[in-house]
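Student: Quick one, what's the 3D model for this:
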Amino acid sequence: MATLVFYTATSLSIKFRLRHRWIIDGHPSFLTPAFYHHWPVDCWVNKIYILRRQLAIIKCIKDGIKKTLLVLPYIWMKNLSKKSVGSQSNEAQIIDRLVAKFNVPKSFIEFGFSGWEFNCCNLARDSKWEGLLIDGGAYNITIAKQIFHKRIMAKQLWLTLDSLDFIASYAKSRQVGVLSVDVDGNDYWFLEKLISINPALIITEFNVSFRLRPISVPYDPSFDRTKKHESWEYYGASLFAFNHLCSKNGYSLVDISQNGVNAFFVRNDLLTHDTQPLTLSEKLLVKTYPDGSIAPIYEFWEKIKGLSYIDITNMTSFMDTANK
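Tutor: Numbering: from 1, shown residues only. Model prediction:
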């Protein structure tokens, strides 16, 4: 019975999100005027309030069940779908292509992953690969342990510069093929410490709103993107910052994900004669959402430009003198 309630809640949640997306997004993007023309304003306000309450209740139910053994049947059922696990955009496909083209050892490390959505998802499903998945969320770890083969290690860990020693120890006993970094915060500082493990391929999420400024947020062991700024846009480092770090350590930028947020670097000794590294330019800085809309990165920067940044070229405080 409890399992039935869980599936029902999940289904209702999906239906509400799809049917009332206009409420969450803040605009009636796909409702026709005829649909809501006859409803008085105060009635719509009440409807919005009720629907938000319903969504909040459903989320509480789902979050509660995720902490119990009742979550296991859901994971098993969802895993039966071939599309249950994928990457955020086309990251998995880019990895497949680069792994096939270059001499990449069959071992990966990814931290900051979602159980159903992460960059190395295809590698984790391939029994020829071994991997380490790290995240701070217990639910993501439960998913990984239930659906992937035994050569995939999943560990719940809140990452700091000190706790990175666990990853370094894992890498010591093997050649690392792929290192994927996505923690929405201390990404630059973590990659700076781990780049010495010498992976063949590095994937890192960058903050498009920083454009080509040479900046990262300062290191903070308790960094939480949702608490740093109400926009959630203050996190990570710029594409310039990651390119600077990777270039001086012998890597070249070879691709950007379709949604414009993940950069792919290949170690220079693996490059082939037909590999054309990307040149940094503003043209690379286009972030798109799943519905195809483009992120207003200039507006985002206006909201967060007064916060603290580190110029990674000289490790001093950064000030936006251009004021734009």
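
Student: correct me, but Leu278 touches Asp255?
Tutor: Yes. Taking Cβ atoms under 8 Å as the definition, Leu278 is a contact partner of Asp255 at 7.1 Å. For glycine as for every other residue, the C-beta is placed from the backbone atoms N, C-alpha and C.

Student: distance of Pro218 from Lys248?
Tutor: Note on Pro218: its distance to Lys248, by Cβ to Cβ, to the nearest Å, is 21 Å.

Student: ok, Asn90 - contacts?
Tutor: Listed by Cβ atoms under 8 Å, 6 or more residues apart in numbering, the contact set of Asn90 reads 257-259.

Student: So which of the residues you listed are in strands?
Tutor: Applying DSSP state E to the contacts of Asn90, no entry is found in strands.

Student: Which of those has the largest number of neighbours?
Tutor: Highest neighbour count within those: Ser257, with 22 neighbours (other Cβ atoms under 10 Å).

Student: what pLDDT does that one get?
Tutor: Ser257 is assigned a predicted lDDT (pLDDT) of 93.

Student: I'd like to know how far Trp301 sits from Tyr219.
Tutor: From Trp301 to Tyr219 the distance is 21 Å (Cβ to Cβ).

Student: So these two - more neighbours on which side?
Tutor: Taking other Cβ under 10 Å, Trp301 and Tyr219 do not tie; Trp301 has more neighbours (18 against 15).

Student: picking that back up, more neighbours: which of Pro218 and Lys248?
Tutor: More crowded of Pro218 and Lys248, by other Cβ under 10 Å: Pro218, with 15 against 9.

Student: Is the closest residue to Asn249 other than its chain neighbours in a helix, a strand, or coil?
Tutor: Using Cβ to Cβ, 6 or more residues apart in numbering and skipping the chain neighbours, the partner closest in space to Asn249 is Ile195 (5.0 Å). Assigned state for Ile195: helix (three-state reduction, DSSP: H, G, I helix; E, B strand; the rest coil).
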